[in-house]
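1. could you work out the structure for the sequence below:
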Amino acid sequence: MNVSTISKPHERLADILSGDMEAVNTLIRTRMASEHAPRIPEVTAHLVEAGGKRLRPMLTLAAARLFGYSGEHHVRLAATVEFIHTATLLHDDVVDESAQRRGRPTANLLWDNKSSVLVGDYLFSRSFQLMVETGSLRVLDILANASATIAEGEVLQMTAATDLSTDESVYLQVVRGKTAALFSAATEVGGVIAGASEQQVQALFNYGDALGIAFQIADDLLDYQGDSKATGKNVGDDFRERKLTLPVIKAVAQATPDERAFWDRTIAKGRQQDGDLDHAMALMNQYRTLEATRSDALGWAAKAKSALDALPDHEIRTLLRELADYVVSRLN
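-> Modelled structure (predicted):
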């Protein structure tokens, strides 16, 4: 592939890291095999082969490359990160009762909830086997903590999603759990395995954390103002699913008693009727919460970029900087 014709930073990263990514994909296929339970590779192949940007494992490979790592553990760790991500997707789709992911039917729809939960458990187990093979307790600590934080974020979201008292600090806690924790762990372990200094490992963590938050805020904003063909979601899906995301949290914080009663009926109680989404959009426009949310996403992208200043000058660093801009470029 001619790099000059590739415009998106994640595609250029994929091109530079293509050899490592092939090794990761081979390892993923090998480790998701099961001679006793053929359902396992069937379900995992459906998700793993569905495409997606493979952003998280790529961040691990990129961080290791940035420090000139020449071993093989970065491949194991990148596969670990993808297995954790895939396991959480399988579980999420059951919890959310989702019917589609990346434009395809979800595993729980094609098979059943039991298969999705159990195969997710299998992938978590596989991910821990891969971590142990690196022989690094530090890596094990980082990824085990990330796995716990992800689960904690999902449980918090379940209770906070329809609770009107959910404020921006709780929202940030949910986002750090469900999205940013794996981004920051992915970059952090790449640096650890490559022997980066403590200051550099912290910078990698800070980059992944801010990138993940910017990514999720952008995603939540696009639910209200995105192109459904590009996002794969219908505008207002979060509203219909009664999810308190940042644009709504900002509107609730400024609501009059009548407006709060509207949010209470539609989000807290879920008694929605025709015209409610339009009214919700009008309130968000009135309080300019979509613009404020966009500003927050851009702020986190800027934090991600500034974290990179502590890292070596390298083409990978340049692409990571561009990646931070790219995750919020969808908002223009």
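
2. any idea of the mean pLDDT in stretch 34-44?
-> Averaged across stretch 34-44, pLDDT comes to 75.

3. alpha carbons only: can I get it in CSV?
-> Only the C-alpha atoms of stretch 34-44 are listed here, as CSV (Å, rounded to 0.1, in the frame of the first residue of the first chain):
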residue,chain,number,x,y,z
SER,A,34,-10.9,-24.8,21.0
GLU,A,35,-10.9,-28.5,20.2
HIS,A,36,-13.6,-29.2,22.7
ALA,A,37,-16.1,-26.4,22.1
PRO,A,38,-16.4,-25.4,18.4
ARG,A,39,-19.0,-22.8,19.4
ILE,A,40,-16.1,-20.7,20.8
PRO,A,41,-14.2,-20.1,17.5
GLU,A,42,-17.5,-19.6,15.7
VAL,A,43,-18.6,-16.8,18.0
THR,A,44,-15.2,-15.1,18.3
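
4. distance between that stretch and the chain's centre?
-> 25 Å (C-alpha atoms, centre = their mean, to the nearest Å).

5. which residues does it contact?
-> Residues from elsewhere that reach stretch 34-44 (C-beta atoms under 8 Å, 6 or more residues apart in numbering): 32-33, 86, 90, 107, 111, 115-116, 119, 122-123. Any C-beta I mention is one placed from the backbone N, CA and C, and that applies to glycine too.

6. out of everything not next to it in sequence, what's closest to Val170?
-> Ala160 (5.3 Å; C-beta to C-beta, 6 or more residues apart in numbering).

7. okay, now the one you found: neighbour count?
-> Using other C-beta atoms under 10 Å, Ala160 has 19 other residues around it.

8. quick check: it vs Leu277, distance?
-> Using C-beta to C-beta, to the nearest Å, Ala160 is found at 21 Å from Leu277.

9. ditto for Glu42
-> 37 Å.

10. what's the most distant pair in the contacts of stretch 34-44?
-> The span of the contacts of stretch 34-44, defined through C-beta to C-beta, is set by Ala33 and Ser116 at 18.5 Å.

11. residues of the host helix or strand of Phe205 that come out buried?
-> Using DSSP states H and E, Phe205 maps to helix 198-225. For helix 198-225, a neighbour-count test (16 or more other C-beta atoms under 10 Å) marks 200-201, 203-224 as buried.

12. could you do stretch 286-299 as well?
-> 287, 289-290, 293-294, 296-298.

13. can you list those in JSON lines and add distance to Ser306, pLDDT and secondary structure?
-> Listed next are these as JSON lines, based on distance: C-beta to C-beta, whole Å; pLDDT from 0 to 100; DSSP: H, G, I helix; E, B strand; the rest coil:
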{"residue": "Tyr287", "distance to Ser306": "29", "pLDDT": "97", "secondary structure": "coil"}
{"residue": "Thr289", "distance to Ser306": "26", "pLDDT": "97", "secondary structure": "helix"}
{"residue": "Leu290", "distance to Ser306": "25", "pLDDT": "96", "secondary structure": "helix"}
{"residue": "Thr293", "distance to Ser306": "21", "pLDDT": "97", "secondary structure": "helix"}
{"residue": "Arg294", "distance to Ser306": "19", "pLDDT": "96", "secondary structure": "helix"}
{"residue": "Asp296", "distance to Ser306": "16", "pLDDT": "98", "secondary structure": "helix"}
{"residue": "Ala297", "distance to Ser306": "15", "pLDDT": "97", "secondary structure": "helix"}
{"residue": "Leu298", "distance to Ser306": "13", "pLDDT": "97", "secondary structure": "helix"}
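
14. just these now: which is nearest Ser165?
-> Looking across the buried residues of stretch 286-299 and measuring by C-beta to C-beta, the closest to Ser165 is Thr289, at 17.3 Å.

15. do you know how far the residue lying closest to the closest one once chain neighbours are set aside is from Gln216?
-> Once flanking residues are discounted, Thr289 sits nearest to Lys250: 3.8 Å by C-beta to C-beta, 6+ apart. From Lys250 across to Gln216, the span is 15 Å (C-beta to C-beta).

16. mind listing what Gln254 touches?
-> 287, 289.

17. ok, back up a step: from the chain's centre, how far out does the helix holding Phe205 sit?
-> For helix 198-225 - counting by C-alpha atoms, centre = their mean - the centre lies 9 Å from the chain centre.

18. what pLDDT, on average, does it get?
-> 96.

19. circling back: which of the contacts of stretch 34-44 are buried?
-> 32, 86, 90, 107, 111, 115-116, 119, 122-123.

20. tell me the one of those residues nearest Thr318?
-> Thr86 (29.2 Å).

21. does the closest one touch Leu123 like I think?
-> Yes - look at Thr86 against Leu123 with C-beta atoms under 8 Å: they come within range, at 5.6 Å.

22. the residue nearest to the spatial centre of the chain and Ala210: what is the separation?
-> Nearest to the mean C-alpha position of the chain, by C-alpha atoms, centre = their mean, lies Thr179 at 3.9 Å. Applying C-beta to C-beta, the value for Thr179 to Ala210 is 11 Å.
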